[in-house]
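Visitor: The following comprises the amino acid sequence and a computationally predicted model.
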Amino acid sequence: MRIRHCNLSVGRNQDGILLVQVERAEVEDNILTTYTPKPLTFGQRLQDRRFRANAMRQLIAETEIVKAAPASKATGPAAAVTVPTTLPKKRSKAQAPTPPAPESAAPVAAPAPAPASVPPVKRTHLNATVTVGNRVVTFRTNPLLKDFWQSYVTQQGPKQFATDRDLIAFIKKAAVQFLLHPKARAGNSALASLIASMERADQTAMARGIAVGGEGVQECRILNNSVQDAVQGITVGMSNHKRDPMKRESASVVTIAGNQVYVGLPPGAQFHARHAIFVGNVDSVVIENNYSKVIANLAQVTLEAIRVFGVFGRRLIVRHCHLVGFDVGILIHPLNQVNEKPLWLVADNMAENATPAVVVAPGFVGFVIQENNFS
């Protein structure tokens, strides 16, 4: 299959060029841009359920309930106390007090009191915690709002919630009000900045620019293409789970060279795969002389420019690429070790402001040669 010299306009969330189950694939000298419909206001965009769901995820997503233990009455550190082995019998007023136990009886230490609450689970993607009484929930929100929700619930919410889900429902209802009613968010700079950024964000990003998948690919060349505003620029990954779910299909020879990929991440893109170039399961692969830049990343999510993941043969080369605006320049994560010494090389790449420029999976650092990679 050969696709050359095409100028394609791709709709929102659509794939530009998708090749599946082909023996030979050559994609060369194509220009893929996103189709730009008539501009819509933010309120009109919210009528689209997918856009509204993605916008809601900017305010609250991935909620988790943090269980809290009952508050302890102890005011100081736990001390060892003597616990009788049997309960004392009820005595009358005239009855003499029970003599103390012999000194030989060893005191039994009581268990330490439970902590007043269980601290929230520390997960990097959950950046906001709201506590009301003994109700604690944690969730992910836009970085602009990570300190907003606690103060809002404290000022505007009830003093107690019957259940943890009532607290979550209150926050979600407030998020809907902020999205649909401009007066509800008036006077709050964080909310105003977030909504303004969503209004400015490009909502026409294509899902994938060029994708090659399936099984049986012997030759794959993706050369000199321009992909404008895609969540995933170029993707080459083989798989076939119908015959044997445990078997990994591999392409034979893949070359990705001379391409320009511009990555745009609209709201909700953080819940999907995102990268400029992805390659998985290839016997021999060369990725060279590609340029990629991030042109929109509303939620500031972690983004890798080139991701090489899967089962590979003896040649894996990534070189002479210029990558701009990504958190990680190049990620190399093989899932296998070859019997003979491989040529796995990452050299002469520029990943501007990436930290770091190259990441190699643990256990494979000694197998991957890294030379002259800068950030």
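Guide: Okay, I see it.
Visitor: Let me see the contact set for Leu343.
Guide: Under the criterion of C-beta atoms under 8 Å, 6 or more residues apart in numbering, the contact list for Leu343 reads 314-317, 369. All C-beta atoms are positioned from the backbone trio N, CA, C, and that covers glycine.
Visitor: Quickly list what it is bridged to.
Guide: Counting by DSSP bridges, Leu343 forms beta bridges with Arg315.
Visitor: on that earlier part again, which one among the contacts of Leu343 gets closest to Asn225?
Guide: Nearest to Asn225 among the contacts of Leu343 is Ile317, at 19.3 Å by C-beta to C-beta.
Visitor: rewinding a little: ranking the contacts of Leu343 by neighbours, who comes first?
Guide: The residue in the contacts of Leu343 with the most neighbours, by other C-beta atoms under 10 Å, is Leu316 (24 neighbours).
Visitor: pLDDT averaged over stretch 19-38 - what is it?
Guide: For stretch 19-38, the mean pLDDT works out to 84.
Visitor: Buried ones in the lengthiest helix in the chain, by neighbour count?
Guide: Ranked by number of residues, the top helix in the chain under DSSP state H is helix 164-180. The neighbour-count check on helix 164-180 (16 or more other C-beta atoms under 10 Å) flags 164, 167-168, 170-171, 174-176, 178-179 as buried.
Visitor: do the same with stretch 146-156
Guide: Within stretch 146-156, the residues scored as buried using 16+ other C-beta under 10 Å are 148-149, 152-153.
Visitor: Which members of those occur in helices, if any?
Guide: 148-149, 152-153.
Visitor: What are the structural domain limits within this structure?
Guide: Recorded structural domains for the chain (assignment: automatic domain parsing) are 2-37+204-371, 42-68+116-199.
Visitor: where does the first one sit relative to the chain's centre, distance-wise?
Guide: With C-alpha atoms, centre = their mean, to the nearest Å as the basis, the distance from the averaged C-alpha position of domain 2-37+204-371 to the chain average is 18 Å.
Visitor: first vs last residue of it, how far apart are they?
Guide: Between the opening and closing residues of domain 2-37+204-371 lies a distance of 34 Å (C-alpha to C-alpha, to the nearest Å).
Visitor: With only the CA atoms kept, save the longest helix of the chain in CSV.
Guide: Below are the C-alpha coordinates for helix 164-180, written out as CSV (Å, rounded to 0.1, in the frame of the first residue of the first chain):
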residue,chain,number,x,y,z
ASP,A,164,-18.6,10.4,51.1
ARG,A,165,-20.6,10.2,47.9
ASP,A,166,-22.7,13.2,49.0
LEU,A,167,-19.5,15.2,49.3
ILE,A,168,-18.4,14.1,45.8
ALA,A,169,-21.9,14.9,44.4
PHE,A,170,-21.7,18.4,45.9
ILE,A,171,-18.4,19.1,44.2
LYS,A,172,-19.5,17.7,40.8
LYS,A,173,-22.7,19.8,41.0
ALA,A,174,-20.6,22.9,41.7
ALA,A,175,-18.3,22.0,38.7
VAL,A,176,-21.3,21.8,36.4
GLN,A,177,-22.5,25.2,37.6
PHE,A,178,-19.1,26.8,37.0
LEU,A,179,-19.1,25.4,33.4
LEU,A,180,-22.7,26.4,32.4
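Visitor: now the angle from the following helix or strand past that helix to helix 164-180?
Guide: For helix 164-180, the succeeding helix or strand toward the C-terminus, using DSSP states H and E, is helix 189-200. Helix 189-200 and helix 164-180 meet at an angle of 60 degrees, taking axes from the mean of the first three to the mean of the last three C-alpha atoms, to 10 degrees as the criterion.
Visitor: Distance from helix 189-200 to the middle of the chain?
Guide: Helix 189-200 sits 21 Å away from the centroid of its parent chain (C-alpha atoms, centre = their mean).
Visitor: Only the buried residues of it, if you could.
Guide: Using 16+ other C-beta under 10 Å as the burial criterion, the residues of helix 189-200 that qualify are 191, 194-195, 197-198.
Visitor: pLDDT and distance to Arg135 added to those, as a markdown table?
Guide: Listed next are the buried residues of helix 189-200 as a markdown table, based on pLDDT from 0 to 100; distance: C-beta to C-beta, whole Å:
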| residue | pLDDT | distance to Arg135 |
| --- | --- | --- |
| Leu191 | 89 | 23 |
| Leu194 | 85 | 25 |
| Ile195 | 84 | 28 |
| Ser197 | 74 | 31 |
| Met198 | 77 | 29 |
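Visitor: Among those residues, which one lies nearest to Asn353?
Guide: Out of the buried residues of helix 189-200, the one with the shortest distance to Asn353 is Ser197. That distance is 20.2 Å, counting by C-beta to C-beta.
Visitor: any idea how far Gln58 is from that closest one?
Guide: To Gln58, Ser197 is 9 Å away according to C-beta to C-beta, to the nearest Å.
Visitor: Pick the one among the contacts of Leu343 closest to Ile3.
Guide: When the contacts of Leu343 are compared for distance to Ile3 (C-beta to C-beta), Ile317 wins out at 24.4 Å.
Visitor: my read: that closest one touches Val279, true?
Guide: No: using C-beta atoms under 8 Å, Ile317 and Val279 do not qualify as a contacting pair, with a distance of 11.1 Å.
Visitor: Which neighbours do the two have in common?
Guide: Shared between the contact lists of Ile317 and Val279 (criterion: C-beta under 8 Å, 6+ apart) are residues 285, 287.
Visitor: Can you give me every residue that contacts the nearest residue to Leu144 once chain neighbours are set aside?
Guide: Nearest-residue entry for Leu144: Ala190, 4.6 Å, with adjacent residues in sequence omitted and distances by C-beta to C-beta, 6 or more residues apart in numbering. For Ala190, the contacting residues are 144-145, 148, taking C-beta under 8 Å, 6+ apart as the criterion.
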